[in-house]
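Engineer: got a structure for you, letters missing:
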């Protein structure tokens, strides 16, 4: 078998070791005579998997004791709606900071909920440029551009934008800006666990699994107990964080196989040396690709400002769309796939999530240098 | 490997052929050099899987052309909330028919939504007995007991109740009762595709996958286009059936691996001879277990009236709880698992979903006869 060099933006490549572990026991989990996905979600075999996924996540990310770990369904897109459903109230206002399309989508759903509730949403900052429907984004806001409302029900931002390739706090040791005194909520879908993160500043963090930690169909929510308690009680139970926290994410049947795979991925992360080792590899991978861009600056063009360049999703343009197409097609001939930019922005996108090996980035970097030499 | 005789109520046993197919290609799907779960949900490899799952479902169940097939997340429990969110309006009323706990839960979420909207929900019929919080259910309602409101926004019922073992229309060729002229919605989670069903009477049908057609983390919705159009447009996009229908269930990232497994299960169903063959096997399996109960009527006691006895979940009691415990423990020694009744009702429960082979039911039937002889 030839394993493709998979630079998909999500669903994305997974550690081969995590997949092989799943394959080996797919029909007979831990000698139980059935697949893990055939076990009851309330049986001891699955409960051990669920507990291990939770404890690995807590350990690797140093999740504070006052935060609950929830495994939910519906992805980040559903969180865009359930967050305002839980935390907005009539007359209240929520702040949103936009650095790309996912933040726009979160804001859009919040506007709908606010209209239902008689509440408001407000832009605390945006780096979007353009008058049309499709704005471009090339950086995160500076501290002085963020105008937070201390009385807001919450402030929401997106730590990494996959389509525009804009990420916060990418320099080693860099901190997130100060978003003011309101409860802080972050969509970390596309850079969750890319490095150690001080979670004590956050009241709620969420992440679709299908980028850095597992397959699609699962979203992880880390929420302070005090935030969970703040949630409305007059909305359907299935949308109350409280209900899921009180039931250990077993209020309804969870996506057991997806959680099992997260367990496998996190066990691999631990075996690799935990998040410090993952961060070092991520910096090396992104370094290789950005170097190939900058060393061929007349040929490749990165639209994102250097200090906001995403280490997860490297986006760049070539001189013409025809060359971009040829780039993607020739890379494919060399077993490198998933490189086409999102249809809304075009260009090339290289997603370098945790499971992408350093060797793949080096192969792609060499290819980029060659391609520039022969086509520049 | 010893394959356990798995009578779990869901997540439940899956066809071994479907699992082995998944196992064989878990790290290399169709020669693509990656797992199906590593493919983009917008790439041609996954699109083919998604299309095949849809077309197999349409073909096997003869889904009418005016119904859309949606693959969503959140299980039936989330549908309990999103149905009233879509189809209730201020001043409107929805009818619910209760034959067990799942219907109660659906009604509970609808009450919450109705309170938010200034709408109402109404009991069109219930067979629940008892004043306390936990009612018992032993049958479906008679036609004369159903008092439908023709002006209702919709009428909702549950075709099979897993905890109480109560199912509608179990006799060969039996039809569902007449639920009146309002749009008809059915939770078919636990008996979806157990046989051919005339879907033309329904406006919307939904089913969690983890009983008859796949793993947990996926819910199938079949909805008439006219019903979808009736849905509210002022709720979050993620909860609008319209949005998912317009986007072919790709509005947000779907649970791709769960849909792939449904494809494998439905391909197995087709290979077995389709739903007529599945129905024949289901009738034989349930026949074996109910025969063992009735032939040892002084020892086993089925609480459900004969005409409402579920073919999916056979529930019965033994003379004492101590004997029930011994029954479950001894069955386990013979590799039969998942037989403990739901914690809220106790007793024994035998779930006989599509993937349970006839041979397993026969083995259990023999065991039941032996156990009665030695303990009666």
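Structural biologist: Great, that's in hand. Quick caveat, the model's predicted, so the values are computed rather than measured. Numbers count the residues shown, from 1 in each chain, chains lettered A, B, ... in the order given.
Engineer: List, one by one, the residues from the stretch 251-376 of chain A near chain B.
Structural biologist: A:251, A:252, A:253, A:254, A:255, A:256, A:257, A:258, A:261, A:335, A:338 (CB under 8 Å from any CB of the partner chain). Every residue, glycine included, has its C-beta placed from N, CA and C.
Engineer: can you do 7 Å?
Structural biologist: Residues of the stretch 251-376 of chain A found near chain B (CB under 7 Å from any CB of the partner chain) are A:252, A:253, A:254, A:255, A:256, A:257, A:258, A:335, A:338.
Engineer: And the furthest pair within these?
Structural biologist: A:252 and A:335 (40.7 Å; CB to CB).
Engineer: Which pLDDT value belongs to the closest residue to residue A:341 other than its chain neighbours?
Structural biologist: Distances taken as CB to CB, 6 or more residues apart in numbering or on different chains put residue A:347 closest to residue A:341, at 3.8 Å, once the chain neighbours are dropped. Confidence at residue A:347, expressed as pLDDT, is 97.
Engineer: And the contacts of stretch A:177-192?
Structural biologist: By CB atoms under 7 Å, 6 or more residues apart in numbering or on different chains, the residues outside stretch A:177-192 that reach it are A:10, A:76, A:83, A:95, A:97, A:102, A:106, A:143, A:146, A:148-150, A:152, A:154-160, A:162, A:167, A:201-208, A:211-213, A:227, A:312-313.
Engineer: and the residues you listed, which of them are in helices?
Structural biologist: A:76, A:83, A:102, A:106, A:227 (DSSP state H).
Engineer: Could you dump these into TSV and include pLDDT and neighbour count?
Structural biologist: Shown next, in TSV, are these (pLDDT from 0 to 100; neighbours: other CB atoms under 10 Å in any protein chain shown):
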residue	pLDDT	neighbour count
A:76	98	25
A:83	98	26
A:102	98	22
A:106	98	25
A:227	98	22
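Engineer: can you list the domain ranges for chain A.
Structural biologist: A:22-270, A:274-375 (automatic domain parsing).
Engineer: most neighbours per residue, which of the ones you listed?
Structural biologist: Greatest average neighbour count among the domains of chain A goes to domain A:22-270 (a mean of 20), per mean count of other CB atoms under 10 Å in any protein chain shown.
Engineer: Return the distance of that one from the chain's centre.
Structural biologist: Computed by CA atoms, centre = their mean, to the nearest Å, the chain-centroid distance of domain A:22-270 equals 9 Å.
Engineer: follow-up on the earlier one: looking at the domains of chain A, which is closest to residue B:176?
Structural biologist: Closest to residue B:176 of those is domain A:22-270 (CB to CB; 25.6 Å).
Engineer: gap between the two ends of the closest one?
Structural biologist: Length of domain A:22-270, first residue to last, CA to CA, to the nearest Å: 17 Å.
Engineer: if you average pLDDT over the top helix by length along chain A, what comes out?
Structural biologist: Longest helix of chain A, by residue count under DSSP H: helix A:274-295. The pLDDT scores in helix A:274-295 average 98.
Engineer: Up against chain B, what does the stretch 1-150 of chain A have?
Structural biologist: Residues of the stretch 1-150 of chain A found near chain B (CB under 7 Å from any CB) are A:1-4, A:6, A:8, A:11-14, A:16, A:19-20, A:22-23, A:26-28, A:32-35, A:37-41, A:73-75, A:77-78, A:80-81, A:109, A:112-113, A:115-116.
Engineer: okay but residue A:129 is in contact with residue A:135, surely?
Structural biologist: Yes: here residue A:129 reaches residue A:135: they are 6.0 Å apart, a contact under CB atoms under 7 Å.
Engineer: joint contacts of those two?
Structural biologist: Joint contacts of residue A:129 and residue A:135 (CB under 7 Å, 6+ apart) do not exist.
Engineer: quick revisit: which pair of the ones in helices among the contacts of stretch A:177-192 spans the longest distance?
Structural biologist: A:102 and A:227 (20.9 Å).
Engineer: Which residue is the nearest non-sequential neighbour of residue A:98?
Structural biologist: In space, residue A:98 is closest to residue A:126, 4.0 Å off (CB to CB, 6+ apart).
Engineer: Please read the previous query as pertaining to residue A:303.
Structural biologist: residue A:138 (5.6 Å).
Engineer: Could you do residue A:368 as well?
Structural biologist: residue A:292 (3.9 Å).
Engineer: coming back round to it: for the residue nearest to residue A:341, give me its contacts.
Structural biologist: Counted by CB under 7 Å, 6+ apart, residue A:347 has contacts A:315, A:316, A:317, A:324, A:341.
Engineer: Residue A:20: what's it in contact with?
Structural biologist: residue B:27.
Engineer: One more: residue A:331?
Structural biologist: A:339, A:367.
Engineer: Could you look up the SS state of it?
Structural biologist: helix (DSSP: H, G, I helix; E, B strand; the rest coil).
Engineer: so where do the strands sit in the stretch 251-376 of chain A?
Structural biologist: A:313-316, A:336-337, A:348-351 (DSSP state E, counting those that start in this stretch).
Engineer: Neighbouring strands - and their directions - for the first one?
Structural biologist: Each strand that pairs with strand A:313-316, with its direction, by DSSP bridges: strand A:348-351 (antiparallel).
Engineer: And for the shortest one?
Structural biologist: According to DSSP bridges, strand A:336-337 has the following sheet partners: strand A:5-6 (parallel).
Engineer: quick one: contacts for the closest residue to chain B within the stretch 101-250 of chain A?
Structural biologist: Nearest residue of the stretch 101-250 of chain A to chain B, counting by CB to the nearest CB: residue A:217, 2.8 Å away. Residue A:217 is in contact with A:73, A:255, A:258, B:73, B:217, B:255, B:258, counting by CB under 7 Å, 6+ apart.
Engineer: try residue A:196
Structural biologist: A:62, A:275, A:276.
Engineer: where does residue A:219 fall, phi/psi-wise?
Structural biologist: phi -130, psi 130 (degrees, to the nearest 10).
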